[in-house]
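Visitor: Build me a model from this:
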Amino acid sequence: MAKISILIMIMRLFFIALFTLLSLNSFALQVGAERYEQYLPLLKQQRVALVVNQSAYTKDGHLLDSLLAKGVAVSKVFAPEHGFRGNHDAGEHVASNTDIKTGIPILSLYGKNKRPKAEQLHDVDVIIFDIQDVGVRFYTYISTMHYMMEAAAEYNKIFIVLDRPNPNITYVDGPILEPKFKSFVGLHPIPVLHGLTVGELAKMIVGEGWLEESKPLDLKVIPIEGYTASMTYDLPIKPSPNLPNARAIALYPSLCFFEATPVSVGRGTEFPFQVYGYAPVKLGEFSFTPEPIIGAALNPKLNGQSVFGVDLRNHKSNGLDLSWLITAHQQLSKQRIELFTHASFMDKLAGTDKLRLAIEGGDSQRVIKQRWQRPLQHYLQRRQPYLLYKR
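Guide: Numbers count the residues shown, from 1 in each chain. From the prediction side, this is the model:
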């Protein structure tokens, strides 16, 4: 009995130590939204608007609820693509409404207007942006941030970015966006994988003069405490409906190019952006059937069809991988099937037409990536003044 008691005591001490260690690790990193002492003084007697979605969470709950509990006068919330609660399909129109829990007005930034009108900001002094990014140029939340920054400058509002880690921050890769391919899926002359947090990107947007508004912007970035760019960071909440886990987030930069093709990336399955496939031509032996999912894929590509392709759920991603796109082009070309059926969209995603033309011309990934190296080196030098975290 004595031995059993000692064993139980040892186990208890072990679990206490383990819990303490986990707690210390979890509190070592504080996202910008959790550093209240850094920005609450800026909100005193100010009317505040939030640009947030479901990812704006802290240890105290959603940022909206936390700020209201602390007496901050939040007058409205601006909702980006996928909506305030993150339950709208990609590209789906997001309507303005009211938050049931708080009664706060929710104004859409993903419909007819991608930036607020003057009358929507007349009762606002400060705009807070807190949305989890994934470090990819065509992830539209950073375009929403850009337009809100322009509106803040035009109407003389303070703009605060509550910074969060970039799960793809260790990678800087892909072509630099060319001006003529500028669109909502790419507004800035940065690579596909830009290696910045949203706070760093906001500083670069201002510093490089990328805002079209001529008035100066009063920008304030609340950095992440205890963060370095070499840290692994698993997102506590999925950043959008079709990026459910770390694997999808890592594969997203590479697989998103298939959105400009007839190939499915698993929307309408339990593993979006972790597979790809086509029908009736097989791109691999793995089979899946896309079906409608409310809030994620109302009308998925190849809906109801048996699709055959490649399962990447156990693949270790290494940044931007063009091999799957190149292989799919070669496989479909043999059947005289066009891969880039939406060439203009492909070029907007890439930020150039050179990537599509190189793949169609039979260039290898090595040759294609070699052409990016000099512009990438120039970009790395250009972004240096705006970095907030150790690389």
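Visitor: Residue 68 belongs to a helix?
Guide: Yes - Residue 68: assigned to a helix according to DSSP: H, G, I helix; E, B strand; the rest coil.
Visitor: What's the per-residue pLDDT of the residue lying closest to it once chain neighbours are set aside here?
Guide: For residue 68, ignoring the flanking residues on the chain, the nearest one in space by C-beta to C-beta, 6 or more residues apart in numbering is residue 74 at 5.9 Å. The way it works is simple: take the backbone N, C-alpha and C, and place the C-beta from them, glycine included. In this prediction, residue 74 carries a pLDDT score of 97.
Visitor: Then residue 13?
Guide: Reported pLDDT for residue 13: 42.
Visitor: Can you list the low-confidence ranges for the protein?
Guide: 1-27, 81-83, 85-96, 111 (pLDDT under 70).
Visitor: if we can go back for a sec, is the residue nearest to residue 68 within a helix or a strand, and which one?
Guide: strand 73-79 (DSSP states H and E).
Visitor: Quick check: neighbours of that strand in the sheet, parallel or antiparallel?
Guide: Strand 73-79 sits in its sheet next to strand 47-52 (parallel), strand 105-108 (parallel), going by DSSP bridges.
Visitor: Pull that strand out as PDB, backbone CA atoms only.
Guide: Extracted in PDB, the C-alpha atoms of strand 73-79 (Å, rounded to 0.1, in the frame of the first residue of the first chain):
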ATOM      1  CA  ALA A  73     -17.600  52.000 -26.400                       C
ATOM      2  CA  VAL A  74     -17.700  49.700 -29.400                       C
ATOM      3  CA  SER A  75     -20.100  51.300 -31.800                       C
ATOM      4  CA  LYS A  76     -20.000  48.700 -34.700                       C
ATOM      5  CA  VAL A  77     -18.200  45.800 -36.200                       C
ATOM      6  CA  PHE A  78     -17.100  45.500 -39.800                       C
ATOM      7  CA  ALA A  79     -17.200  41.900 -41.100                       C
END
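Visitor: who's in contact with that strand?
Guide: Strand 73-79 is contacted from outside by 43, 45-53, 64, 67-68, 84, 94, 96, 99, 104-110, 116, 120, 123-124, 127, 148, using C-beta atoms under 8 Å, 6 or more residues apart in numbering.
Visitor: Flag every buried residue along it.
Guide: Applying a neighbour-count criterion of 16 or more other C-beta atoms under 10 Å, one finds 74, 75, 76, 77, 78, 79 buried in strand 73-79.
Visitor: Which residue ranges make up the domains of this protein?
Guide: 32-222, 246-360 (automatic domain parsing).
Visitor: I'd like these as JSON lines, with distance to residue 240 appended.
Guide: Formatted as JSON lines, the domains of the chain follow (distance: least, C-beta to C-beta, whole Å):
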{"stretch": "domain 32-222", "distance to residue 240": "5"}
{"stretch": "domain 246-360", "distance to residue 240": "9"}
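Visitor: closest one to residue 379 among the ones you listed?
Guide: Closest to residue 379 of the domains of the chain is domain 32-222 (C-beta to C-beta; 6.1 Å).
Visitor: how long is that closest one from one end to the other?
Guide: Taking C-alpha to C-alpha, to the nearest Å, domain 32-222 runs 5 Å from one end to the other.
Visitor: before we move on, what about stretch 366-374?
Guide: End-to-end distance for stretch 366-374: 14 Å, by C-alpha to C-alpha.
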